[in-house]
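1. for reference, the sequence and a predicted model appear below.
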Amino acid sequence: RYHFANPARTAVPYVQAAYTLNRVTIEEIAVVSPTPTDELDLNGSAFTVGGGVMLHVVPAFAFEFGLLFGFGSFGDAEFDGEPVENLPKIDLQSSRFNLGMVWWPLS
C-alpha cells in the first residue's frame, strides 16, 4: 500500500496491490456416489489491485473507504486427496468495497 500523504491534507488517497494464494475446500458433496462424503480442494493464485481514501478527523484517527478488484485462476484440484487430471482452468474474480476506521494510538 502506498499513501499519498501530506501533513496538511485531511483526505489521504492510497493505492495498493497484493498477490494471494487461494485454497477452497468443498466438503460433503455428492459427485459420483449418492452419499455426500466426498471432498474437493481447489488451489490457485490471484492478483489484487485497488485504492481508496482515508479521511482524517484528527491526525491519529481516520475513516477509510476503499475498493479492491482481484483476478486469478484455480489451476490445481484434488478430489478426496487424489489429483484431478485435465482440469479446465477455472477463473476467479472478486471485488470488495471497504468501509472502516483507522486509529494510530501512538501518534
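-> Ah, there it is.
2. for residue 5, which three-state class applies?
-> coil (DSSP: H, G, I helix; E, B strand; the rest coil).
3. grab the nearest non-local neighbour of it.
-> When the adjacent residues along the chain are set aside, residue 5 lies closest to residue 12, with 5.2 Å between them (CB to CB, 6 or more residues apart in numbering). Glycine gets a C-beta too; all of them are placed from N, C-alpha and C.
4. that neighbour: how many residues sit nearby?
-> Counted with other CB atoms under 10 Å, the neighbours of residue 12 add up to 17.
5. check residue 74 too.
-> Residues within reach of residue 74, counting by other CB under 10 Å, total 20.
6. so what's it up against?
-> By CB atoms under 8 Å, 6 or more residues apart in numbering, the contact set of residue 74 is 22, 24, 42-44, 87, 89-90, 92.
7. and of these, the nearest to residue 62?
-> residue 22 (30.0 Å; CB to CB).
8. does the closest one really touch residue 41, like I thought?
-> No - between residue 22 and residue 41 there is no contact under CB atoms under 8 Å: 11.0 Å.
9. out of these two, which sits in the more crowded spot?
-> residue 41 (18 against 15).
10. what's across from the more buried one in the sheet?
-> Residue 41 has these beta-bridge partners by DSSP bridges: residue 25, residue 78.
11. what's the distance between it and residue 82?
-> Separation of residue 41 from residue 82 (CB to CB, to the nearest Å) stands at 10 Å.
12. number of nearby residues for residue 39?
-> Counted with other CB under 10 Å, residue 39 comes out at 13.
13. contact partners for it?
-> Counting by CB under 8 Å, 6+ apart, the residues that residue 39 touches are 25-29, 79-81.
14. which residues are contacting the helix or strand bottoming out on mean pLDDT in the chain?
-> Lowest on mean pLDDT, DSSP states H and E among the helices and strands of the chain sits strand 82-83, with a mean of 87. With CB under 8 Å, 6+ apart as the test, strand 82-83 has contacts from 76-77.
15. partner strands of the next helix or strand along the chain from it, with direction?
-> Using DSSP states H and E, the helix or strand that follows strand 82-83 in sequence is strand 90-103. Strand 90-103 has these partner strands in its sheet, going by DSSP bridges: strand 61-79 (antiparallel).
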